[in-house]
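[1] based on what follows, work out the 3D shape:
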Amino acid sequence: HVQLVESGGGSVQPGGTLRLSCAASGDTYISTCMGWFRQAPGKEREGVAAIDSLGRSRYADSVTGRFTISKDNDKKSLFLQMNSLKPEDTAMYYCAAGHSLTLTPMNYNVWGQGTQVTVS
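    Have a look, this model is predicted:
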C-alpha cells in the first residue's frame, strides 16, 4: 500500500519559484507512475506532470518549459520544480500514484492530501 505526503507549497509572487516534494511509502513506489495534479476552487482537477518508472515524463501544455518533474527512487520521493509562476498556477497541488503515464486523474488510484500554492 502506497501513502503519499506532499510538502513545499506556499505563497510567491508572479515570476517566483517553488519546489514541491512528495514522500512515498510502500513497496510499489518504484513500479508505479507518479504524477502531480492541481485543483483550483471551482475547477476540475487537472494533470500537471507525470513520470514513469523509466524516467519518461509528460507535461500539461500550460506548464511546459516552466515546470520540471523528477524523482529520487532511493528516497522514494517525487518533486515538482516550478519556475516562472503565474497567478493562474494558484491551486491545491496533489501527488498521485498510478500505472500509466497519463495526465488523467482517473488513472491514478493513490493520492496525497495536497499542498497549497498561491501566486499573487
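
[2] which strands and helices sit next to the host helix or strand of Leu78?
    Using DSSP states H and E, Leu78 maps to strand 77-82. Applying 3 or more CB pairs under 8 Å, 6 or more residues apart in numbering; DSSP states H and E, we find strand 77-82 packed against strand 18-25, strand 33-39, strand 46-51, strand 67-72. C-beta: built from backbone N, CA, C; applies to glycine.

[3] partner strands of that strand, with direction?
    Using DSSP bridges, strand 77-82 pairs in its sheet with strand 18-25 (antiparallel), strand 67-72 (antiparallel).

[4] returning to that earlier point: present the helices and strands packed on strand 77-82 as TSV; the columns should include mean pLDDT, mean neighbour count and distance to Asn83.
    Converted to TSV, the helices and strands packed on strand 77-82 look like this (pLDDT from 0 to 100; neighbours: other CB atoms under 10 Å; distance: least, CB to CB, whole Å):
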stretch	mean pLDDT	mean neighbour count	distance to Asn83
strand 18-25	94	19	9
strand 33-39	96	24	14
strand 46-51	98	22	13
strand 67-72	96	17	7
